[in-house]
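Chemist: take this sequence and fold it.
(2 chains)
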Amino acid sequence: MKFRGKIVDGACLNHFTRISNMIAKLAKTCTLRISPDKLNFILCDKLANGGVSMWCELEQENFFSEFQMEGFSAENNEIYLELTSENLSRALKTAQNARALKIKLTNKHFPCLTVSVELFSMSSSTRIATHDIPIKVIPRKLWKDLQEPMVPDPDVSIYLPVLKTMKSVVEKMKNISSHLVIEANRDGELNLKIETELVCVTTHFKDLGNPPLASESTSQDRNPEHMAEVHIDIRKLLQFLAGQQVNPTKALCNIVTNKMVHFHLLHEDVSLQYFIPALS
Amino acid sequence: MGAEPAGAVRGKGPRARRPRRAGQCWPWFGRRGSMKCLVTGSNVKVLGKAVHSLSRIGDELYLEPLEDGLSLRTVNSSRSAYACFLFAPLFFQQYQATTPGQDLLRCKILMKSFLSVFRSLVMLEKTVEKCCISLNGQSSRLVVQLHCKFGVRKTHNLSFQDCESLQAVFDPALCPHVLRAPARVLGEAVLPFPPALAEVTLGIGRGCRVILRSYHEEDADSTVRAMVTEVCLGEEDFQQLQAQEGAAITFCLKEFRGLLSFAESANLNLCIHFDAPGRPAIFTVKDSLLDGHFVLATLSETDSYSQDLGSLERHRPVPQLQAHSTPHPDDFANDDIDSYMIAMETTIGNEGSRALPSISLSPGPQPPQSPGSPSEEEDEAEPSTVPGTPPPKKVGAEGEGGGGGGGGEGSRLQNSLVPSSSARCSSAPSWPP
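Modeler: Have a look, this model is predicted:
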């Protein structure tokens, strides 16, 4: 298996760094899937992750000026690697004002993803910082668990409010309750509710707008004001919101009543999907 | 001529009527003189930064005003790092090491206490106009007074212990390898490393490239490998580069960062003198008003992985470093740093102990030779220590001050009040059991 890529554009480098920072906040360990056209950061819904799953996708040609890969085999031309997300974001932090960044799969004493950053230096000589990120190659037989999650038809689909606002609300709610109800309707209304013996707190967001329904069959003549709700662990929601340092280009929330909430964000051209299951 | 009235004092002339100078102590209160230094303007922040730097190394600050200047020294609990700043008399607006005819002061203060005076560098820069450090010969408190804007005066009375002079025995001139670069260059080079990284390997790779690589101890149990970071600098970044290809040492990055941040803020060049792995590395900064030395122990034996410093970007074969021929115990604390590092000097005449050619940090006069037998010194030691603190340790004991030297298995100091060649360290030190 081979992989090498090079990023020379400053804006692309910064964007890639921001994405990796976000991933580092969302998942301690994640899977990086490399295919000829795309890079994916994947977190599958294992018990260890608390049932949360994540699927982040970016088109490689939007970032890399050079990109070559050779997957497991010709029919399975993909590479799945497991790594500690913070390592990648820390390595990329070095590249803030770099001339160029090279990333490649190497095997020096242990398999790693080597990030090589060419820095500007006052003198004529180049200064190079190299980071060897230890990785684990994921065997072919486990790839089936790491596929793009199926998104069930949502009961309600709604655009999210400003994430920063949502985050500060949820942060305060976390001190009161460990679980939260997120509910929304087709009238552009979204509520965050917490309830304890002593107190109930609800934050109402209005006029959010709903995307056009994908399929008519799910509508079922339901009253547009009818709320679809799901109980989730408040910390998981907070972790998701904390990862969003920059306001996304587009942010969508899909609720499947009593099953899960699915967030779909678009950061420029990078798509992030995050699934939080309902509390049983 | 009648009888003098009772109680009249017969004048002895002008001399008797001269008002007593502040801090002048009468001989019978003890031999310790008074010290006074006054730091003004931007030098206050420089002093503060130096203290911050030293606080990265040790928990106790040894303050010694010498004829050459004010010396601030510290050593870490395992005796694997020593740091010293010497501020020349010109650094101060006023500098008085001691009152004439009196012994030089040597005192030891809790680093935490001294640092608390200089805690906020921003505050030092913005509001402090003058800093006065003084010790009245009779008092038991070191007084640090900050004269700030708007007439505010902050006075800190710090308790201290009398101590022996802390001196390291080392000589940069004996080190075959030297690197010199502006601190800024080294500061930038160290940026990519994680702040928590403990150790780093510095070496010379192919084509005279200087390579810094993160060092992690091989932990057989740990399943999670650490990320390895490497920075490669070209020869042109250095003002002086006198080292063989393949030479490499591994030392504590955290301790080095202490000196580095000081050097960066003072815009100085930093010089690294080093020898074979296991021998201490000496980091120095210097300008007309001050000089700083940090002496750090290096790992005596590193495995071949961390010795491989190849330039990665061109896939050239990695230069193999010479295996260290003399077998050393593979134990960071037990390397022969001890023979080079700190030798506790005593107040007694030290001819015997100074047999080793060495450059001690106070190249000026030796600590005053007190006339008299050793026993007189021992007796004197007791009363001059701060009441309540344990007396200086006697022969054969290890560690320093109360509570033993902490640090556990670190290399220990031979602290002997009797000068003897066995206390000197040209051969392997004898370890206390």
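
Chemist: from now on I want contacts and neighbour counts done on CA atoms only, so please keep to that.
Modeler: OK.

Chemist: the closest residue to residue B:132 other than its chain neighbours pairs with what?
Modeler: Residue nearest to residue B:132 in three dimensions, not counting chain neighbours: residue B:38, with 4.5 Å by CA to CA, 6 or more residues apart in numbering or on different chains. For residue B:38, the beta-bridge partners are residue B:94, residue B:132 (DSSP bridges).

Chemist: so residue B:38 is in contact with residue B:131, correct?
Modeler: Yes - contact status for residue B:38 versus residue B:131: in contact at 5.8 Å, counting by CA atoms under 8 Å.

Chemist: now do the contacts for the residue nearest to residue B:132.
Modeler: Residue B:38 is in contact with B:92-95, B:130-133, counting by CA atoms under 8 Å, 6 or more residues apart in numbering or on different chains.

Chemist: how many residues are close by residue A:198?
Modeler: Using other CA atoms under 10 Å in any protein chain shown, residue A:198 has 6 other residues around it.

Chemist: do the same with residue A:10
Modeler: 17.

Chemist: what of residue B:184?
Modeler: 19.

Chemist: tell me the contacts of the nearest residue to residue B:55 once chain neighbours are set aside?
Modeler: For residue B:55, ignoring the flanking residues on the chain, the nearest one in space by CA to CA, 6+ apart is residue B:111 at 6.3 Å. Neighbour list for residue B:111: B:55, B:58-61 [criterion: CA under 8 Å, 6+ apart].

Chemist: ok, whatever residue of the stretch 151-280 of chain A ends up closest to chain B to residue A:167 distance?
Modeler: Using CA to the nearest CA, the closest approach of the stretch 151-280 of chain A to chain B is made by residue A:243 at 21.1 Å. For residue A:243, the distance to residue A:167 (CA to CA, to the nearest Å) stands at 10 Å.

Chemist: and for residue B:50?
Modeler: From residue B:50 to residue A:167 the distance is 42 Å (CA to CA).

Chemist: neighbour count winner among the two?
Modeler: residue B:50 (24 against 18).

Chemist: confirm that that one sits in a helix.
Modeler: Yes - assignment of residue B:50 by DSSP: H, G, I helix; E, B strand; the rest coil places it within a helix.

Chemist: residues touching it, list them.
Modeler: B:85, B:262.

Chemist: give me the element residue A:240 is part of.
Modeler: Secondary structure assigned from DSSP states H and E places residue A:240 in helix A:234-242.

Chemist: by contact count, what packs against that helix?
Modeler: helix A:10-26, helix A:163-174, strand A:179-184, strand A:270-277 (3 or more CA pairs under 8 Å, 6 or more residues apart in numbering or on different chains; DSSP states H and E).

Chemist: and if we set it to 6 Å?
Modeler: Counting contacts by 3 or more CA pairs under 6 Å, 6 or more residues apart in numbering or on different chains; DSSP states H and E, helix A:234-242 packs against no other helix or strand.

Chemist: may I have it as PDB, with CA atoms only?
Modeler: The C-alpha trace of helix A:234-242 is given here as PDB (Å, rounded to 0.1, in the frame of the first residue of the first chain):
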ATOM      1  CA  ILE A 234     -26.000  16.000  26.800                       C
ATOM      2  CA  ARG A 235     -22.300  15.500  26.900                       C
ATOM      3  CA  LYS A 236     -22.300  13.900  23.400                       C
ATOM      4  CA  LEU A 237     -24.100  16.900  22.000                       C
ATOM      5  CA  LEU A 238     -21.700  19.200  23.700                       C
ATOM      6  CA  GLN A 239     -18.700  17.400  22.400                       C
ATOM      7  CA  PHE A 240     -20.100  17.800  18.900                       C
ATOM      8  CA  LEU A 241     -20.800  21.500  19.300                       C
ATOM      9  CA  ALA A 242     -17.400  22.100  20.900                       C
END
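
Chemist: any low-confidence regions in the stretch 101-250 of chain A?
Modeler: A:122-125, A:214-222 (pLDDT under 70).

Chemist: residue numbers of it in contact with chain B?
Modeler: Contact residues (CA under 6 Å from any CA of the partner chain) of the stretch 101-250 of chain A with chain B: A:125, A:127-133.

Chemist: mind giving me the ChimeraX command for buried ones among those residues?
Modeler: ChimeraX command restricting these to the buried ones, with burial defined by 16 or more other CA atoms under 10 Å in any protein chain shown:
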select /A:127,128,129,130,131,132,133
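
Chemist: in helices only, show me the contacts of residue B:111.
Modeler: residue B:55 (DSSP state H).

Chemist: and the contacts of residue B:111, which are buried?
Modeler: B:55, B:58-61.

Chemist: what's the closest of those to residue A:208?
Modeler: Distance to residue A:208 across the buried ones among the contacts of residue B:111 (CA to CA) is lowest for residue B:55, with 54.8 Å.

Chemist: for that closest one, report the pLDDT, please.
Modeler: For residue B:55, the pLDDT comes out at 95.

Chemist: look up how far residue B:211 lies from it.
Modeler: Separation of residue B:55 from residue B:211 (CA to CA): 28 Å.

Chemist: among the contacts of residue B:38, which ones are buried?
Modeler: If we count by 16+ other CA under 10 Å, the contacts of residue B:38 have these buried: B:92, B:95, B:130-133.

Chemist: coming back round to it: now the helix holding residue A:240 and strand A:270-277, what's the angle there?
Modeler: 170 degrees (axes from the mean of the first three to the mean of the last three CA atoms, to 10 degrees).

Chemist: now helix A:234-242: buried residues?
Modeler: In helix A:234-242, counting by 16+ other CA under 10 Å, buried: A:234-238, A:240-242.

Chemist: ok, stretch B:110-127 next?
Modeler: Quick answer for stretch B:110-127 (16+ other CA under 10 Å): B:110-111, B:113-115, B:117-119, B:121, B:124-125.

Chemist: just stretch A:266-279 next, same as before
Modeler: Buried residues in stretch A:266-279 (16+ other CA under 10 Å): A:266-267, A:270-278.

Chemist: pick the one among these closest to residue B:146.
Modeler: residue A:267 (52.8 Å).

Chemist: quick check: phi and psi on that closest one?
Modeler: Phi and psi for residue A:267, reported as degrees, to the nearest 10, are phi -100, psi 100.

Chemist: residue A:252: helix or strand, and which one exactly?
Modeler: Here residue A:252 is assigned to strand A:250-256, by DSSP H and E.

Chemist: what pairs with that strand, and is each one parallel or antiparallel?
Modeler: Within its sheet, strand A:250-256 is paired with strand A:156-159 (antiparallel), strand A:260-267 (antiparallel), according to DSSP bridges.

Chemist: and the residue nearest to residue B:55, how far from chain A?
Modeler: 33 Å (CA to the nearest CA, to the nearest Å).

Chemist: likewise residue B:98?
Modeler: From residue B:98 to chain A the distance is 47 Å (CA to the nearest CA).

Chemist: test my guess that that residue contacts residue B:35.
Modeler: Yes - Residue B:98 is in contact with residue B:35 according to CA atoms under 6 Å; the separation is 4.8 Å.

Chemist: contact partners for the residue in the stretch 51-200 of chain B positioned nearest to chain A?
Modeler: Taking CA to the nearest CA, chain A has its nearest neighbour within the stretch 51-200 of chain B at residue B:192, 5.6 Å off. Counting by CA atoms under 6 Å, 6 or more residues apart in numbering or on different chains, residue B:192 makes contact with residue A:94.
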